[in-house]
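Trainee: Got a sequence here, can you build the structure:
(one chain, ligands or ions: 1)
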Amino acid sequence: MRYPTCSQRPSGQILAHSKHDVLGISFALVSYDDVLRIVEHWREMRVRQYIVLTPPYSVVLCCHDAELRAATNQAGLVLPDGVGIILAARILNYRNSGRVTGPVLMLKMCDWGRQHQYRHYFYGGAEGVADALAHRLSHMYPGLQVSGTCCPPFTPLDPQEDCAIVERINATEPDIVWVGLGSPKQEKWMSEHRGRIKATVMIGVGAAFDFHSGRKRWAPAPIRNAGLEWAYRFALEPRRMWRRFVESPRFVFGVIRQRVETRGRLWPPPAHPSRAGRDIHHDRRSPDQSVRFQNAFSVDVEEWFHILSSPIAPKREEWSSLESRSGANVNRLLELLHDHDIRATFFWLGWMAERHPALLRRCSEAGHEIASHGYNHVLPREVGPAVFKEDIERAKRVLEDATGRPVRGFRVAGFGINGKTEWAFETIREAGYEYDSSVFPSYHSRRCIHRRQSKPYVIPTGAGPLVEIPISAIDVLGCKLFLFGGGYLRLAPRRLIQWGIKRLRDCGSPLIVYVHPREIDPGQPRLSLPLVRRFKCYVNLDSTMSKLVWLCTNCKFVPMIEMAGELLHDNSAVCKDRSPADCQLPHVESQPQTIGQVATEMNGNSSE
Ligand SMILES: [Zn+2]
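Mentor: Modelled structure (predicted):
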């Protein structure tokens with residue numbers, strides 16, 4: 001099944017809900033009826049999920065609290081609770097079905113769930129609130145099945161107490177667990193208990209416990225319908241609600257900034273949502289570009305501590321004891337790619353694949369290409385041919401065993417093949433890889449190689465032809481300019497990136513974007529690197545995601561294997577920077593089919 005989710009209407013029609021990014025939070029802009037159907041579908045499929053309802057204030061909290069952000073984005077549904085989110089959706093030109101608030105969702109679910117014999121558990125609220133809530137809802141909806149209630153203490157639970165509560169909830173066999181612990185506690189609780197609570201869905205509703213138990217007054221319907229519930233609550237509880245008002249300008253400013261960054265302008269709005277900001281995409285279809293090369297979006301899957309050539313960086317023996325932060329970040333990238341219907345190439349370290357098998361499978365099952373970044377993140381010049389070969393063969397084996405698919409692509413750590421280690425190309429081909437994306441066509445002493453050739457080409461090696469897809473570079477007055485990955489992407493203003501993409505298109509070169517999971521993680525631990533290195537590693541971490549959203553909105557990408565497959569049909573693509581004697585393409589007859597078949601396999605029903 002395609003990640004992340006889809007739901008089936010009772011009629012059998014598939015209801016897909018795409019996700020919409022608002023300041024890094026992926027909202028499902030669906031209606032109440034859609035939520036009911038989705039929950040029913042989860043129940044039929046025996047899926048266990050949780051739902052969060054997120055107002056603007058929580059979005060602002062997520063910007064500073066990485067744990068809350070991960071707990072929110074990993075939910076099965078993030079629903080727009082609050083008129084501010086709907087206004088943001090309009091500013092960002094997303095189609096939406098209006099607000100979905102916790103109190104209304106609870107009533108609808110209780111009413112609708114009766115015909116499906118849903119069993120409800122109420123967890124949260126102050127002493128006696130959950131009981132009062134269950135009692136009143138049972139009175140409002142005769143036939144409502146309440147499986148149990150629990151008011152946990154406000155103090156943190158120790159592991160034994162927590163296990164006892166989980167057992168107590170599971171023993172009642174609920175379908176829906178309503179969680180009223182208040183934000184951000186309830187989001188984190190649901191994230192931690194996903195899979196442990198044996199219910200179809202946990203739904204974090206907070207204030208609904210107080211409103212429907214009668215403990216607090218709920219705004220009258222006309223006020224709610226006018227979108228003024230926030231003013232009503234502020235009038236009743238100014239001391240509790242004032243902070244939300246203080247934070248509102250940050251939300252508004254953030255949304256405007258996102259609009260400008262992803263759509264290129266604030267006003268006037270684009271004529272049609274589906275056409276918004278697609279200028280470059282349309283340009284891409286121009287004959288010179290779309291036929292020759294497509295673009296590729298690549299991710300080097302490694303940790304925050306996989307920093308090369310520094311004595312400060314943690315040693316290989318220390319890796320296992322360090323905090324892993326890639327899971328949440330890779331998931332955010334997967335969501336971004338899903339939202340934009342993009343299949344990317346993930347260059348996995350073998351070491352990472354063994355520690356995150358479920359994440360690797362998720363990448364693969366989402367239709368992305370799994371390629372290799374080596375096993376131990378080694379540089380050819382430091383380890384020599386024998387160890388390098390062993391390392392990249394091991395990575396290939398690990399990735400193929402875990403995904404059950406052939407791994408054809410390779411990218412060396414740190415783009416670290418230079419003039420002295422050109423033997424690495426032959427080693428890469430010998431290890432069974434059919435294309436490589438390790439060349440950084442710059443004048444940098446460590447990377448100086450094939451510097452005039454920045455389009456994909458074929459390198460003939462003793463082991464057979466190897467397709468090389470170098471990192472995109474733009475020629476400016478004889479110098480190379482890099483804008484589309486790593487620190488370059490983080491540092492470059494969006495307008496410069498936009499100009500760079502047009503230049504690439506004019507030259508008939510593809511756009512190769514590369515990113516590391518740590519580059520979208522402002523909360524990562526910092527290594528005390530030398531000043532320049534520190535700047536390169538950590539500059540603008542908080543703005544990378546918005547640039548990636550902009551790139552995904554404006555460009556179309558294909559997995560690199562498809563690009564490589566095209567090249568082996570074309571003998572003119574043989575490396576032009578080498579001497580003519582080096583550029584004979586040896587024994588290429590059987591290779592095009594192999595790669596072509598893989599591209600077709602990955603496409604599923606590809607028409608190419
Ligand atoms: Zn790397």
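Trainee: low-scoring stretches of the stretch 1-150 of the chain, by residue?
Mentor: Counting by pLDDT under 70, the ranges of the stretch 1-150 of the chain that qualify are 1-18.
Trainee: one more time with 50
Mentor: For the stretch 1-150 of the chain, the stretches flagged by pLDDT under 50 are 1-16.
Trainee: show me where it has helices.
Mentor: 32-45, 56-64, 66-73, 83-91, 102-113, 129-140 (DSSP state H, counting those that start in this stretch).
Trainee: now those as CSV including mean neighbour count and distance to the ion?
Mentor: In this view, the C-beta of every residue, glycine as well, is placed from N, C-alpha and C. Below are the helices of the stretch 1-150 of the chain laid out as CSV (neighbours: other C-beta atoms under 10 Å; distance: least, C-beta to the ion, whole Å):
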stretch, mean neighbour count, distance to the ion
helix 32-45, 19, 37
helix 56-64, 21, 27
helix 66-73, 21, 22
helix 83-91, 20, 35
helix 102-113, 20, 43
helix 129-140, 18, 50
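Trainee: Among the ones you listed, which comes closest to V201?
Mentor: helix 32-45 (5.4 Å; C-beta to C-beta).
Trainee: which is the next helix or strand following the helix or strand bottoming out on mean pLDDT in the chain?
Mentor: Ranked by mean pLDDT, DSSP states H and E, the weakest helix or strand in the chain is helix 287-290, scoring a mean of 34. Heading C-terminal from helix 287-290, the first helix or strand you meet, by DSSP states H and E, is strand 296-301.
Trainee: tell me what that next one is packed against?
Mentor: helix 326-339, strand 345-348, strand 512-515, helix 560-567 (3 or more C-beta pairs under 8 Å, 6 or more residues apart in numbering; DSSP states H and E).
Trainee: chain center to it: distance?
Mentor: Distance, stretch centre to chain centre, for strand 296-301: 12 Å (C-alpha atoms, centre = their mean, to the nearest Å).
Trainee: where along the stretch 501-608 of the chain do the helices fall?
Mentor: According to DSSP H, counting those that start in this stretch, the helices that the stretch 501-608 of the chain contains are 531-538, 544-554, 560-567, 591-603.
Trainee: rewinding a little: would you turn the helices of the stretch 1-150 of the chain into CSV with distance to R355?
Mentor: Putting these into CSV (distance: least, C-beta to C-beta, whole Å) gives the following:
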stretch, distance to R355
helix 32-45, 28
helix 56-64, 26
helix 66-73, 17
helix 83-91, 36
helix 102-113, 37
helix 129-140, 39
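Trainee: Buried residues, stretch 179-192. List them.
Mentor: 179-191 (16 or more other C-beta atoms under 10 Å).
Trainee: correction: stretch 524-535
Mentor: Q524, L527, L529, R533.
Trainee: and the ion, which of these contact it?
Mentor: Residues of these in contact with the ion (C-beta under 5 Å from the ion): none.
Trainee: and K389, what is it in contact with?
Mentor: By C-beta atoms under 8 Å, 6 or more residues apart in numbering, the contact list for K389 reads T427, E430, A431.
Trainee: pLDDT value on it, please?
Mentor: If you check K389, the pLDDT there is 96.
Trainee: do you know how far it is from W423?
Mentor: 10 Å (C-beta to C-beta, to the nearest Å).
Trainee: returning to that earlier point: could you tell me which of the contacts of K389 are located in helices?
Mentor: T427, E430 (DSSP state H).
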